[in-house]
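Visitor: Next input, structure requested:
(2 chains)
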Amino acid sequence: MAFALVLVACCSAPRGGGTTTAARGDTAPREAAVTETSGGAEATWTVVADEQDGDDTVSVTVGPDEGAGASPPESASRFGRGSAWLALGRQALEEGAVDVALSRAQRGLEVVGDDYASPMVDDDTDLKRFAAEDRVANGHRRDGAEVLLRVLDDRLALLADRDHLRLVVTR
Amino acid sequence: MAVPATREPKRDARPASGASTATTEATAGSATRASLRGLDYADQVQLLTPSGGAPTAPAATAATVQMKGEDEGFKKVAEAETPLSQKDTPDSIQLPDEVEKGMSEAWGDSFPNKKSQEQGGIMVREKDGSYGFVRGAAGKSGSFPPNYGDKKADQEVVGSAHTHPYDESEGGHEGVAFSGGDIANLVYQPDKLKMVKAGETEFVLVRTAEFQKLVDEADTEGKKTLHKEIKDTWNSAFKGAKGDFVTRCEIAVKATVEKYKLSFYKGKEGKVDRVDTSK
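Guide: Below is the predicted model of the structure:
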């Protein structure tokens, strides 16, 4: 699977003091995202994650939700990338490319990793992931892909809740 | 081919404006999340324990129903000031009728549009010794946030309960017991006992003195390690088990409970019996 990533994080210093830009990826970074900062009371950082698989590309912009800090947490990039893989996976499933959807869901789960939920929340997504793998093993590949994407969606929601993240835009 | 914006994943899209504090923004349906947001683990636990001061008392729209804990097994666990040693945990527990009723309703709500969605609530002990069940907001397909934030200042959290629904696309399983996460979270959660309803079959976990000792002896990093080890134990046992999905899950629970000296119960219609996890 071809995989290209450009991640650009632009964050304000406390109360809009300037911007910092970080980029990483296994291909040359694209043009940096433009980030506006202001001196208002709300955090104003954004993190942009681009993910590509074959001819499909998704760009996700993550911003702060209520209670977020002045700069993006480390998890903002994982949230953005995972959300991009979720969109790519759903795209594949809609087009009937079940194996591609499965692969993209797995990629998203890898990107999000194991650190996504508050321990105060009863997280049963491991169980659902095993259930999805069972469905695939028993020949119900479309169900398996659908459930695995739902697991990814659940984990992204838990991460967003825990770390005060929200999607600003996906395209 | 670019993926059109119309397919963007749905997230909570609450506006970034309207800043509010952790203790004032709680609303019915998001009380736990709202009241705990931004707090580290220790602060979350502090907030939820009776000695932690008056917690958020949101304007809960969820129904609170009264019940009497008449069963000796239930009362023994619920009214113990400190967790019972494993050998002293009761052989059987009859959950109060209102818990059973509340969780039966929760199960009935667990398949909106034929898709799984976890539901649940908390069991609380009132100042006068009676018990209440407070239904929480719906969870997601694979998670439930216990609504500890709905506890009032003069109530004590006895435990939490949630459903384990599996819709057709997930295999339609019933009788799926605790996940590794459910068990591991007892490191942080205040539950004396935790219940899962998975169709007719119901499961209960009881916190023990032996388990509590592990928690108490762990510092912040130690708790994180213990939490991870419990989940890893469950996952390893599940992957190594034979049988169908439900059977492997129960084998994983037994292995985890045995290792961490919790007490595990199984039954139906509110009556659960202790499971011998050594076999």
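
Visitor: going forward, measure contacts between C-alpha atoms and count neighbours the same way
Guide: Will do.

Visitor: Indicate whether whichever helix or strand residue A:107 is part of makes contact with chain B.
Guide: Residue A:107 is part of helix A:98-112 when elements are defined by DSSP states H and E. No - using Cα under 8 Å from any Cα of the partner chain, helix A:98-112 never reaches chain B; the gap is at least 12.8 Å.

Visitor: List the buried residues in that helix.
Guide: Of all the residues in helix A:98-112, those buried under the rule 16 or more other Cα atoms under 10 Å in any protein chain shown are A:98-109, A:111-112.

Visitor: ditto for stretch B:194-208
Guide: Neighbour-count burial for stretch B:194-208, counted by 16+ other Cα under 10 Å, picks out B:194-199, B:201-208.

Visitor: Likewise for stretch B:126-139?
Guide: B:126, B:131, B:132, B:133, B:134, B:135, B:136, B:137, B:138, B:139.

Visitor: Stretch B:272-279 now?
Guide: Residues of stretch B:272-279 classed as buried: B:272, B:273, B:274, B:275, B:277 (neighbour count, 16+ other Cα under 10 Å).

Visitor: Tell me the predicted confidence for residue 112.
Guide: This is for chain A. According to the prediction, residue A:112 has pLDDT 98.

Visitor: Not quite, go with chain B.
Guide: The predicted local confidence for residue B:112 is 97.

Visitor: With residue A:169 instead?
Guide: We note a pLDDT of 81 for residue A:169 in this prediction.

Visitor: roughly how far apart are it and chain B?
Guide: 8 Å (Cα to the nearest Cα, to the nearest Å).

Visitor: isn't there a helix covering that residue?
Guide: No - Residue A:169: not assigned to a helix; according to DSSP: H, G, I helix; E, B strand; the rest coil it is strand.

Visitor: Count the neighbours of it for me.
Guide: By other Cα atoms under 10 Å in any protein chain shown, 14 other residues sit near residue A:169.

Visitor: same thing with residue B:216?
Guide: For residue B:216, the count of nearby residues is 11 (other Cα under 10 Å).

Visitor: Which phi and psi values does it adopt?
Guide: For residue B:216, the backbone dihedrals (degrees, to the nearest 10) come out as phi -70, psi -30.

Visitor: Can you list the strands that the first helix or strand past the helix holding residue A:107 going along the chain pairs with?
Guide: With elements assigned by DSSP H and E, the helix or strand that comes after helix A:98-112 is strand A:122-123. In the sheet, strand A:122-123 lines up against strand B:143-144 (antiparallel) (DSSP bridges).

Visitor: Downstream of the strand it pairs with, the next helix or strand is which one?
Guide: Next along the chain after strand B:143-144, taking DSSP H and E as the criterion, comes strand B:156-163.
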